[in-house]
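**Student:** sharing a sequence plus its predicted fold:
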Amino acid sequence: MAKYKIYKNPANGYTERVKDGFNWVVFFFGPIWYLFNGFIGQGIAWLLIAIIAGAPTFGIGAFIVWIIAGVKANKSKEKAFLNKGWIYVGYEDEINQNKVS
């Protein structure tokens, strides 16, 4: 079962979930996830790296690049939230357990 970290915007109380671990959407759709999440520079950079790595290796290099991007994507999102002043609240299941208790 996937674990999600919760981040809260202190200005308006809005919360956002970030999956802890590998991002399968990035693996399959690559730069599209980066573009929709506001990481335009990173999306373009990953795409260029995948093209450069994939061209001489008949796509195998690009496959490896997207695995690495999938590992790093959620950490990039977490870092962006923290840099914008969002507060890390905790893991979703821990928060729900505290509400029940």
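**Tutor:** That came through, no problem. These figures come from a predicted structure and were not determined experimentally.

**Student:** and for the closest residue to residue 87 other than its chain neighbours, the neighbour number?
**Tutor:** Leaving aside its chain neighbours, residue 87 sits nearest to residue 8 (4.9 Å; criterion: C-beta to C-beta, 6 or more residues apart in numbering). For every residue, glycine as well, the C-beta is placed using N, CA and C. Using other C-beta atoms under 10 Å, residue 8 has 16 neighbouring residues.

**Student:** swap in the one 5 residues further on?
**Tutor:** For residue 13, the count of nearby residues is 7 (other C-beta under 10 Å).

**Student:** and residue 41, by the same measure?
**Tutor:** Using other C-beta under 10 Å, residue 41 has 9 other residues around it.

**Student:** now do residue 52
**Tutor:** Residue 52 is flanked by 12 other residues according to other C-beta under 10 Å.

**Student:** the one 4 residues further on too?
**Tutor:** Counted by other C-beta under 10 Å, the residues lying close to residue 56 total 8.

**Student:** what does residue 42 give?
**Tutor:** Here the count is done by other C-beta under 10 Å, and residue 42 has 19 residues near it.

**Student:** neighbouring contacts of whatever helix or strand it lives in?
**Tutor:** Element membership of residue 42, judged by DSSP states H and E, is helix 40-54. When contacts are defined by C-beta atoms under 8 Å, 6 or more residues apart in numbering, helix 40-54 is touched by residues 30-35, 60-66, 69, 76.

**Student:** name the next helix or strand downstream of it, please.
**Tutor:** Reading on from helix 40-54 to the C-terminus, the next helix or strand found by DSSP H and E is helix 60-83.

**Student:** from the contact counts, what lies against that next one?
**Tutor:** The contact analysis (3 or more C-beta pairs under 8 Å, 6 or more residues apart in numbering; DSSP states H and E) places helix 60-83 against strand 3-8, strand 15-20, helix 24-29, helix 40-54, strand 87-91.

**Student:** now the ones you listed as JSON lines including distance to residue 81 and mean pLDDT?
**Tutor:** JSON lines is the format used below for the helices and strands packed on helix 60-83 (distance: least, C-beta to C-beta, whole Å; pLDDT from 0 to 100):
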{"stretch": "strand 3-8", "distance to residue 81": "4", "mean pLDDT": "96"}
{"stretch": "strand 15-20", "distance to residue 81": "7", "mean pLDDT": "95"}
{"stretch": "helix 24-29", "distance to residue 81": "17", "mean pLDDT": "96"}
{"stretch": "helix 40-54", "distance to residue 81": "15", "mean pLDDT": "96"}
{"stretch": "strand 87-91", "distance to residue 81": "8", "mean pLDDT": "95"}
